[in-house]
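A.B. asks: This is a predicted model, with the sequence first.
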Amino acid sequence: MTRQQRTVLIVDDFPQDRETYRRYLLADPEFDYTILEAESGEAGLVLCQKGHIDVILLEFKLPDLDGLEFLAELKAQANGNCPPVVMVTGQGNEVLAVKAIKSGAEDYLVKGQTTPEELQQAVRCAIENSQLRRKLQATEERFRISVENMLDCFGIYCAIRDESGEIVDFRIDYLNPAAMESNRMTQEDIGKRLRQLFPQQYETGLFAEYCLVVETGQPLLKESLVYTDVFGTELLTRAYDLRVSKLEDGFVASWRDVTQKKQTEIALQESERRFRAIFDGTFQFIGLLNPDGILLEANKTALDFGAITQADVVNRPFWEARWWTISPQTQEQLKHAIARAAAGEFVRYEVDVLGPCDIITIDFSLQPVRDETGKVVLIIPEGRDVSDRKRTETALQQTDIDLYRAVEKFELAAAAVNCLIYDWDIEKCTVDRTQGLTRLVGYTLEEADPVLQ
C-alpha cells in the first residue's frame, strides 16, 4: 500500500533532539514524511511562509521565542490558516501544557517521556484533526453562505429550562439576514428570549408547539399561518409558511412571508366569484373553447337550457356536445366556423337546432382571444335563443301581407260598386279615400285634398 506523503517542520535548537524526532517519524509505517528543520522560531516562521507544512514539532524553549510567542506570530502571518502544532518541552508542567493548548497547540509532549509510537500518534492525530477542522470550517462556511443568501427566513433557537426541566422560553441563537429584515430585528437582538420579543408566540399556542417539537422530535409544518404581533414598532398581521425541526435541545425554523401571496389569492378568489356570478348570471349561452374546438367550460344558462351538466360536455369537441339535436350539416358548419375563429376571425351566424319541443333559432358567434404575441389561445362561443323574435318577425310579416291583401280587396270592392269611401283617422288627422272620388268629381286624390279640406 502506498504511504501518504506529509511534510513536518521540526523547530528545535538541539540537533540531537531533531535527529531523534526524525528517526521516530521515518519509522512510521503509515506516512512517508518530508522533514524540514529550523534552529530558531524566526527561522521556522520563514519556512512556514515558503511552502506547505502539514505539522510542526515545536520546542517550547527557543533562543529567540518561546512556544506561545511562536504560536501567536504563526497565527498572525498565516491569517488563521496555520498548520497544526505539537508542542515538545523538557518541562512536564501542567500549567504550561494548558496554556499551549489554549493558544492553539494540538498536543503537548514531554521529552524523555515520549516513545516513538506516542510521537507518531501525536503527529498523525494533529494532522487528522487539522484536516477535519478545515473540512468542518469549509462546511460551516458553505452553510453560512447558503443560509445568509436564502430568500426564506431561517433561525436557530435553544431551549431555556427551569429547575424542573420544563421549557420556559427559547434563546435566539441565530437569524439569517432575511429573518432579521422580516422580524425588524438587529444583531443586538441575538441572544434575547423569544417570548420577550414576540409575546404572541406564547398567547397563540405556537410556543407550546415548539416545545412539543423539542420534546418529541416530530417536526411542525404550517401553511398560511396568520400571525399578529409587534414587529419593531409596528403591529402587523402576516401570513407565513412555517417549518420547525428539532436541533439538540432546541429547534431550527424556516419560514416564508406569504402575506402578499395570500392577499393575491383572496383577491383572485373574489375576482373569480364576481366573474362566475356574471358568467353564470347572463341570459346568453357562453363557453370557452381551445383553438382545437374542445369545450373547456360552459355557463349555467347554457347547461340549464340544454338540461345537461358540465361533465356531459366539457373536454369534448364542441360540435359533438349534445346540447340539442343538430344535423350533420350543422356540425360541419360549426367545425368550419371554429376553424375560422382559430385563425383569428370573428364569426357570427344564425342556426336552427331541434330543441326539446320545437325548432330553436340560435344567434351564434365565435370570438377569438389572443395572447400578447397575437396568437389565438381561446375562443369564446356565445349564443342566444332568438326563436321568439324570429316568430314575431314572421308574424309581423304575415300581418303586413294580410293587411295589404285586405286593402287590395277593399279597393276592388269600392271600385266595383262605384262609391266614395273615407277612412278618417281622428288621432292622426288624416283622411284616406277610394279612387271612386275621381270619377264623381273629376279630380285626382291629390287635387281633391285642398277642395275637401
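C.D. replies: Thanks, I have it. Only a predicted model underlies this, so the values are computations on that prediction, with no experimental measurement involved.

A.B. asks: Going by C-alpha atoms from here, please, whenever you check contacts or count neighbours.
C.D. replies: Noted.

A.B. asks: Where does pLDDT dip in the stretch 351-453 of the chain?
C.D. replies: Low-confidence segments of the stretch 351-453 of the chain (pLDDT under 70): 355-357, 390-391, 393-395, 398-453.

A.B. asks: Run through the helices of the stretch 201-350 of the chain in chain order.
C.D. replies: In the stretch 201-350 of the chain, the segments counted as helices under DSSP state H, counting those that start in this stretch are 206-216, 259-281, 300-306, 310-313, 328-342.

A.B. asks: what's the shortest one packed up against?
C.D. replies: It stands for helix 310-313. With contacts taken as 3 or more Cα pairs under 8 Å, 6 or more residues apart in numbering; DSSP states H and E, helix 310-313 sits against strand 295-298.

A.B. asks: What's the mean pLDDT across the strand it packs on?
C.D. replies: Regarding strand 295-298, the rounded mean pLDDT is 87.

A.B. asks: Let the chain start at 721 from now.
C.D. replies: All set: I'll call the first residue 721, so the last point we hit is now strand 1015-1018.

A.B. asks: Check which strands are paired with it and give the direction for each one.
C.D. replies: Strand 1015-1018 has these partner strands in its sheet, going by DSSP bridges: strand 1005-1009 (antiparallel).

A.B. asks: Okay, angle between the strand it pairs with and helix 979-1001 too, please.
C.D. replies: Using axes from the mean of the first three to the mean of the last three Cα atoms, to 10 degrees, the inter-axis angle of strand 1005-1009 relative to helix 979-1001 is 130 degrees.

A.B. asks: Contacts for strand 1005-1009, please.
C.D. replies: 999, 1015-1019, 1021-1022, 1038, 1098-1104 (Cα atoms under 8 Å, 6 or more residues apart in numbering).

A.B. asks: So which of these wins on neighbours?
C.D. replies: residue 1099 (27 neighbours; other Cα atoms under 10 Å).

A.B. asks: ok, what's across the strand from that one?
C.D. replies: Residue 1099 has these beta-bridge partners by DSSP bridges: residue 1009, residue 1088.

A.B. asks: quick one: it from residue 1030, how far?
C.D. replies: 18 Å (Cα to Cα, to the nearest Å).

A.B. asks: Same question for residue 929.
C.D. replies: Distance of residue 929 to residue 1030, computed by Cα to Cα: 44 Å.

A.B. asks: Pass me the low-pLDDT residue ranges in this structure, would you?
C.D. replies: In the chain, residues with pLDDT under 70: 721, 800, 811-812, 1042-1045, 1075-1077, 1110-1111, 1113-1115, 1118-1173.

A.B. asks: Kindly list the longest helix within it.
C.D. replies: Of all segments of type helix in the chain, defined using DSSP state H, the longest is helix 836-868.

A.B. asks: May I see the buried residues of that helix?
C.D. replies: By 16 or more other Cα atoms under 10 Å, the buried positions in helix 836-868 come out as 839, 840, 842, 843, 844, 845, 846, 847, 850, 867, 868.

A.B. asks: Quick one: work out the angle between the helix or strand following that helix and helix 836-868.
C.D. replies: Going down the chain from helix 836-868, the next helix or strand is strand 873-881, by DSSP states H and E. Counting by the same axes, to 10 degrees, strand 873-881 lies at 120 degrees to helix 836-868.

A.B. asks: Show me what strand 873-881 is packed up against.
C.D. replies: strand 887-895, helix 897-902, strand 970-977.

A.B. asks: and the first one with strand 873-881, angle?
C.D. replies: Right, strand 887-895. Using the same axes, to 10 degrees: strand 887-895 against strand 873-881 is 150 degrees.

A.B. asks: can you pull the buried residues of strand 887-895?
C.D. replies: 887, 889, 890, 891, 892, 893, 894, 895.

A.B. asks: which residues in the stretch 721-870 of the chain form strands?
C.D. replies: Here the stretch 721-870 of the chain has its strands, by DSSP state E, counting those that start in this stretch, at 724-731, 751-758, 775-779, 805-809, 827-830.

A.B. asks: Highest mean neighbour count out of those?
C.D. replies: Compared across the strands of the stretch 721-870 of the chain, strand 775-779 shows the largest average neighbour count, a mean of 26 (mean count of other Cα atoms under 10 Å).

A.B. asks: could you dump that one to PDB, C-alpha only?
C.D. replies: Output in PDB follows, covering the C-alpha atoms of strand 775-779 (Å, rounded to 0.1, in the frame of the first residue of the first chain):
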ATOM      1  CA  VAL A 775       2.500  19.700  11.000                       C
ATOM      2  CA  ILE A 776       5.100  21.500  13.300                       C
ATOM      3  CA  LEU A 777       7.000  19.800  16.100                       C
ATOM      4  CA  LEU A 778       7.800  22.900  18.300                       C
ATOM      5  CA  GLU A 779      10.300  23.100  21.200                       C
END
